[in-house]
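1. Predicted structure and sequence below. I'll ask about it afterward.
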Amino acid sequence: MSPSLLAGLALARPSSWAPLTLRGDPEWWSRALDSGAVGVGVRGEHLDVDGDRLRWRPISAEDAGRSVLLAEHGDRIRVAVLTDEAPDWPSLREVGSLLDDEDAAAATAAVALAQWHHRHEHCPRCGALTEITEAGWVRRCPNDGSSHFPRTDPAVIVLVRDEQDRALLGRRSIWPEGWFSTLAGFVEAGESAEHAVVREVAEEAGVVVDGYGLKYRGSQPWPFPASLMLGYHAWTIPDSPAAEADGEEIAEVRWFSRAEMSELAGAGEVKIPPSVSIARHLIEDWFGAALPGQWSR
Ligand SMILES: [Zn+2]
């Protein structure tokens, strides 16, 4: 998977990304906030966006206490301004693939941090209200001194292939007929990512894949609210049982050859995930080409 395939959800943070070392320097932080800092508003997964760009505005004095450091542009910093207001902003899900790499990196971090702050106001040890420190990247408990960091929950997402090099896709129970995507699930406590792939595929689709033959294809932050998707291709073992949906989370599973996918998606009978998602890239990676926008759901 090339970086350009993930445009809109960049593989690497841009060179302007503010280094970790700055976060722990409160004097630098307050000076930087007073020196022409600009911020983008964020509420949950919604962002202040103007077309295909984030709307960076000068921050106000009251924004300083609810700002999170993102990037440095020359002698100015860029921050995310956490807000509870409810303006009519679009979701990162809608605009993620429109943004350039720099804005996408900022938007993804802003959404991840906004959701974490919103859900972790209280200390998990003693219940006290925690305070925002380290330029917005840590919450500290004034009662017991414990520090709390943004969570990232790993999940696996996998395109399964068989000996005919067909792709196994599933339709979730909550989706309409014709929507198909790769299989996915969270990594459980104490589990390796490889084991999670084998387990999820067996649970959701009834087939057995070779856990030692997985091909890692890249990852994607998915801050809805806190996932990191680890993307794989997997191959069924020779005597794998036939594919069968679990009937609960997954309503239908189906093997697609490239010709079948072209025919069905071209006719609008099958829809695949939009280009913002790593699922789309796992499918295109198998198919061997970027696929038409009209195939997206
Ligand atoms: Zn505490």
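-> Perfect, thanks for sending it. Numbering: from 1, shown residues only.
2. Now stretch 20-37: buried residues?
-> The neighbour-count check on stretch 20-37 (16 or more other C-beta atoms under 10 Å) flags 23, 29, 32-33, 37 as buried. All C-beta spots, glycine's among them, are computed from the backbone N, C-alpha and C.
3. can you list the weak-confidence ranges in the stretch 1-150 of the chain?
-> Confidence mapping of the stretch 1-150 of the chain against pLDDT under 70 gives the ranges 1-11.
4. So which bits of it are right by the ion?
-> 123, 125-126, 128, 141, 143-144 (C-beta under 5 Å from the ion).
5. Tell me the one of those nearest Ser296?
-> The closest of these to Ser296 turns out to be Cys123 (C-beta to C-beta; 42.8 Å).
6. Give me the phi and psi for the spatially closest residue to the closest one that is not a sequence neighbour.
-> Once flanking residues are discounted, Cys123 sits nearest to Cys141: 3.9 Å by C-beta to C-beta, 6 or more residues apart in numbering. The phi/psi pair for Cys141 (degrees, to the nearest 10) reads phi -90, psi 120.
7. Helices of the stretch 1-150 of the chain, start to end?
-> Using DSSP state H, counting those that start in this stretch, the helices of the stretch 1-150 of the chain run over residues 20-23, 26-34, 92-95, 101-119.
8. Give me the contacts around the last one.
-> Residues from elsewhere that reach helix 101-119 (C-beta atoms under 8 Å, 6 or more residues apart in numbering): 3, 7-10, 13-14, 16-17, 40, 42-45, 47, 53-54, 68, 70-71, 78, 80, 82, 92, 95-96, 99, 132, 136-137, 139, 150-152, 221, 223-226.
9. Quick one: residues contacting Phe256.
-> Going by C-beta under 8 Å, 6+ apart, the list of residues near Phe256 reads 166-169, 180, 264, 270.
10. what about 10 Å?
-> Residues near Phe256 by C-beta atoms under 10 Å, 6 or more residues apart in numbering: 166-169, 180, 262-265, 270, 272, 283, 286-287.
11. Ok, Gly65 next?
-> By C-beta under 10 Å, 6+ apart, the neighbours of Gly65 are 33, 82, 132, 136.
12. Can you say which two of the residues you listed are spatially most distant?
-> Leu33 and Leu82 (13.9 Å).
13. what's the overlap in contacts for these two?
-> 39, 63, 65, 67.
14. In PyMOL, how would I select just the buried ones from those?
-> A single PyMOL command is used to select the members of the shared contacts of Leu33 and Leu82 judged buried by 16+ other C-beta under 10 Å:
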select buried, resi 39+63+67
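15. Redo the shared contacts of Leu33 and Leu82 as TSV? Include distance to Glu200.
-> Formatted as TSV, the shared contacts of Leu33 and Leu82 follow (distance: C-beta to C-beta, whole Å):
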residue	distance to Glu200
Gly39	39
Asp63	42
Gly65	42
Ser67	38
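16. Now, the shared contacts of Leu33 and Leu82 that are in strands?
-> In this view, the shared contacts of Leu33 and Leu82 that belong to strands under DSSP state E are 39, 67.
17. Of the shared contacts of Leu33 and Leu82, which is the nearest to the ion?
-> For the shared contacts of Leu33 and Leu82, the closest approach to the ion (C-beta to the ion) belongs to Gly65, at 20.3 Å.
18. From Glu194, how far out is the closest one?
-> Going from Gly65 to Glu194 by C-beta to C-beta, to the nearest Å gives 43 Å.
19. Asp144 too?
-> Following C-beta to C-beta, the distance that separates Asp144 from Glu194 is 37 Å.
20. same deal with Pro142?
-> 42 Å.
21. the residue most distant from the middle of this structure, which is it?
-> Asp239 (34.3 Å; C-alpha atoms, centre = their mean).
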